[in-house]
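Chemist: Coordinates only, no sequence provided:
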């Protein structure tokens with residue numbers, strides 16, 4: 001699930017409640033001070049951070065987020081009350097992915113759709129090879145596949161003969177190397193890039209499965225850094 005951290009005053013937060021940032025399928029945290037948002041970022045590991053440029057310390061928060069070693073890339077959205085906000089915070093705004101002008105409006109919609117897709121595109125992917133057992137939630141029968149790469153957002157799986165289409169929901173059993181038990185969860189098919197390969201986006205995990213996947217990714221990242 002995509003996690004959003006909003007750093008804004010209650011008045012701006014009230015305005016944002018009517019936007020796509022308040023979708024039901026997003027996990028959301030809110031802080032009205034930049035220092036509180038910085039601490040929350042370490043514990044919640046957000047994929048998207050929304051920052052009101054008018055808040056004191058907004059520029060330091062943006063710089064901190066860009067320098068923090070989180071397990072996945074973070075997309076930063078700046079909220080501007082007027083064009084002067086961007087000009088006065090030129091250095092900070094250079095570190096954000098997009099700037100949205102307040103108040104919110106229907107003109108935001110296209111930008112927000114793109115923003116919500118950015119974390120998946122930016123997530124580091126690691127080439128791996130291990131088995132996965134999947135099952136279409138609406139149909140009986142288990143299917144075995146080979147995981148080709150993994151990120152915090154999902155998997156690319158080689159799975160011959162699976163009657164599957166984008167939008168289908170599947171359950172997963174992932175025997176991640178180094179773990180004593182398989183990680184169980186569910187995912188959604190988001191693409192079929194080539195024949196017999198499917199892209200899966202993680203939707204939810206059972207138990208501590210999410211933490212297990214993050215730990216595995218951190219291990220892969222450390223190994224990659226050591227050999228770079």
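Modeler: Received it, and whenever you're ready, just let me know what you need. Only a predicted model underlies this, so the values are computations on that prediction, with no experimental measurement involved.
Chemist: So residue 171 lies in a helix, does it not?
Modeler: No - counting by DSSP: H, G, I helix; E, B strand; the rest coil, residue 171 is not part of a helix but strand.
Chemist: quick one, strands of this structure?
Modeler: 2-7, 26-31, 48-52, 75-80, 98-101, 126-136, 143-150, 154-158, 169-174, 183-191, 197-205 (DSSP state E).
Chemist: Give me the residues contacting the fifth one.
Modeler: With contacts defined as Cβ atoms under 8 Å, 6 or more residues apart in numbering, strand 98-101 is touched by 53, 77-83, 86, 93, 108, 111-112, 114-115. Heads up, the C-betas are built off the backbone N, CA and C, glycines and all.
Chemist: tell me the two of the residues you listed that are most distant?
Modeler: 82 and 114 (22.9 Å; Cβ to Cβ).
Chemist: Now do stretch 27-40: distance from first to last residue.
Modeler: One end of stretch 27-40 to the other measures 13 Å (Cα to Cα, to the nearest Å).
Chemist: I would like the residues contacting it, please.
Modeler: 1-10, 13, 21-22, 44, 46, 49, 51, 55-58, 60-61, 64-65.
Chemist: out of these, which are buried?
Modeler: 2-8, 13, 21, 44, 46, 49, 51, 55, 57-58, 61, 64-65 (16 or more other Cβ atoms under 10 Å).
Chemist: got the contact list for residue 12?
Modeler: 52, 79, 102.
Chemist: For the closest residue to the second one other than its chain neighbours, give me its contacts.
Modeler: This means residue 79. Distances taken as Cβ to Cβ, 6 or more residues apart in numbering put residue 52 closest to residue 79, at 4.7 Å, once the chain neighbours are dropped. For residue 52, the contacting residues are 7, 8, 9, 12, 58, 79, 81, by Cβ under 8 Å, 6+ apart.
Chemist: wait, isn't the fifth one in contact with residue 49?
Modeler: Translated: residue 58. No - contact between residue 58 and residue 49 fails when scored by Cβ atoms under 8 Å: they sit 10.7 Å apart.
Chemist: what do these two both touch?
Modeler: When contacts are counted by Cβ under 8 Å, 6+ apart, residue 58 and residue 49 are jointly contacted by residue 7.
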